[in-house]
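Undergrad: no sequence for this one, just the structure:
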C-alpha cells in the first residue's frame with residue numbers, strides 16, 4: 001500500500017524557473033548516466049515533479065526518467081500530482097512516469113484519473129500505466145466497462161490495455177469473454193482477436209468463433225470483424241456466410257465486409273442470395289460493394305493465372 005502523503009505540501013505551488021529546470025535536469029542526467037539513483041527526499045521529489053511541467057519535452061523526459069529511477073518512493077507524490085496538480089502537463093507526465101514504474105499500488109489513483117480527469121492524454125496515459133501493471137489491473141479495467149457512463153473513447157483505451165495485458169494473462173481474457181456483461185465480453189473478444197493475430201492461440205480463436213452466436217449483437221459484430229482480420233478464408237467462409245442473415249443489421253454489414261477483406265470468392269453467391277432477401281437499404285449497399293469488389297478481384301486473379 002502507498003504511504004500516507006498528506007504531509008507533502010501542495011505540489012502545485014512548487015515551480016522551477018527555466019534556468020533552475022535546466023540546471024536540475026543536467027544534474028539528474030549526470031547521475032543517471034553514472035548509474036546513480038536521484039535523491040528521494042521530499043524536497044527533491046517535489047522539484048522533479050515541478051520539472052514535469054516544463055515546456056521543453058527533453059527536460060520533462062529527464063525528470064520522468066529520474067522519478068522512474070527513484071521508483072516506489074516516488075509513487076506517493078506522483079499519485080498526488082496525477083490527481084491534484086492544476087497543471088495538466090504535470091498530470092500527463094505523472095501518469096506516464098507511473099507507467100515507467102508499473103507498481104500496482106498506484107492502481108486506485110490511475111483508475112480515478114481515468115474516470116474523472118477531463119484530459120484525453122491523461123486518460124490515455126493512465127490506461128497505459130494500468131496496462132503496464134498487468135493482470136492485477138484486469139478487474140479494474142473490466143469493471144469500468146460496467147459503468148453506463150463509460151464513453152466510447154474510454155472503451156477504446158480499455159480495449160487497447162486489455163490487449164496488452166492479454167499477452168500476459170490469456171486465462172483472464174478467456175474468463176472475461178464469458179462475463180454476464182455484454183460490454184465486458186466485447187472488450188475481451190477484441191483482446192482475444194489480437195491474441196489470435198499475434199500468436200495463433202487456438203483457444204482464443206475458438207472462443208471468438210463461439211462469439212458469433214452470442215446473445216449480444218455488439219459481441220457478434222465484433223467477432224465477425226475480428227475473424228475477417230485474423231483468419232484464412234477457407235477456414236471461416238462457411239461459418240461467416242451464415243451471419244449474412246443475422247437478425248442484426250450491423251452484424252450483416254460486418255459479415256459482408258469481412259468476407260470481402262478475406263477475399264472469400266466462394267461466398268459471392270451467398271452474398272448475392274442474402275442481398276435478394278435483404279430489406280434494409282444500407283445493408284444492401286454494403287452487400288453490393290462486397291459483391292462488386294470480390295467479383296472484380298476474382299476476375300483479375302483468374303486473368304493473372306491464365307497469363308494475361
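TA: Done, it's in. What you are looking at is a predicted structure, and each value in this text was computed from that prediction instead of being measured. Numbers count the residues shown, from 1 in each chain.
Undergrad: what about residue 301, neighbour count?
TA: Number of residues near residue 301 (other Cβ atoms under 10 Å) recorded here: 12. Placement of C-beta: from N, CA and C, glycine included.
Undergrad: could you say what helices and strands the regular element (helix or strand) spanning residue 143 packs with?
TA: Using DSSP states H and E, residue 143 falls within helix 138-145. On a contact count with 3 or more Cβ pairs under 8 Å, 6 or more residues apart in numbering; DSSP states H and E, helix 138-145 meets helix 107-116, helix 120-133, helix 152-166, helix 170-176, helix 182-199.
Undergrad: how far does the longest one sit from its chain's centre?
TA: Distance, stretch centre to chain centre, for helix 182-199: 11 Å (Cα atoms, centre = their mean, to the nearest Å).
Undergrad: circling back: run through who's touching the helix holding residue 143.
TA: 107, 111, 114-115, 127, 130, 150, 154-155, 158, 161-162, 165, 169, 172, 176, 179, 181, 183-184, 187-188 (Cβ atoms under 8 Å, 6 or more residues apart in numbering).
Undergrad: check stretch 118-128 too.
TA: Residues outside stretch 118-128 that contact it (Cβ under 8 Å, 6+ apart): 82, 88, 91-92, 95-96, 99, 110-111, 113-114, 117, 141, 153-154, 157-158, 160-161.
Undergrad: do that again at 10 Å, thanks
TA: Residues outside stretch 118-128 that contact it (Cβ atoms under 10 Å, 6 or more residues apart in numbering): 82, 88-89, 91-99, 106, 109-117, 137, 141, 144, 151, 153-154, 156-162, 164.
Undergrad: do the same with stretch 26-35
TA: Identification of contacts with stretch 26-35 by Cβ under 10 Å, 6+ apart yields 36-39, 44, 47-48, 51, 58-59, 61-63, 65-69.
Undergrad: where does pLDDT dip in this protein?
TA: 1-13, 197-200, 307-308 (pLDDT under 70).
Undergrad: buried ones in the longest helix anywhere in it?
TA: Determined from DSSP state H, the single longest helix within the chain is helix 281-305. For helix 281-305, burial by neighbour count (16 or more other Cβ atoms under 10 Å) applies to 283, 286, 287, 290, 291, 294.
Undergrad: what's the answer for stretch 111-123, then?
TA: Of the residues in stretch 111-123, 111, 113, 114, 117, 122, 123 count as buried by neighbour count, 16+ other Cβ under 10 Å.
Undergrad: same check, this time on stretch 47-67
TA: Judged by neighbour count (16+ other Cβ under 10 Å), stretch 47-67 contains these buried residues: 47-54, 59-67.
Undergrad: weed out the non-buried ones from the contacts of stretch 118-128.
TA: In the contacts of stretch 118-128, the ones that pass as buried (16+ other Cβ under 10 Å) are 82, 91-99, 106, 109-111, 113-114, 117, 137, 141, 144, 154, 157-162, 164.
Undergrad: isn't residue 44 right up against residue 63?
TA: No - checked against Cβ atoms under 10 Å, the pair residue 44 and residue 63 is beyond contact range at 11.2 Å.
Undergrad: overlap of the contact sets of those two?
TA: Shared contacts of residue 44 and residue 63, defined by Cβ under 10 Å, 6+ apart, comprise 24, 28, 38.
Undergrad: distance to residue 277 added to those residues, as JSON lines?
TA: Putting the shared contacts of residue 44 and residue 63 into JSON lines (distance: Cβ to Cβ, whole Å) gives the following:
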{"residue": "24", "distance to residue 277": "71"}
{"residue": "28", "distance to residue 277": "69"}
{"residue": "38", "distance to residue 277": "69"}
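Undergrad: neighbour-wise, which of these leads?
TA: Looking at those with neighbours defined as other Cβ under 10 Å, the largest count falls to residue 28 at 24 neighbours.
Undergrad: quick check: which element contains it?
TA: According to DSSP H and E, residue 28 maps onto helix 18-33.
Undergrad: distance from that helix to the middle of the chain?
TA: Distance, centroid of helix 18-33 to centroid of chain: 34 Å (Cα atoms, centre = their mean).
Undergrad: beyond that helix, next helix or strand please.
TA: Once helix 18-33 ends, the next helix or strand along the chain (criterion: DSSP H and E) is helix 42-51.
Undergrad: the inter-axis angle of that following helix versus helix 18-33?
TA: If you take axes from the mean of the first three to the mean of the last three Cα atoms, to 10 degrees, helix 42-51 sits at 110 degrees to helix 18-33.
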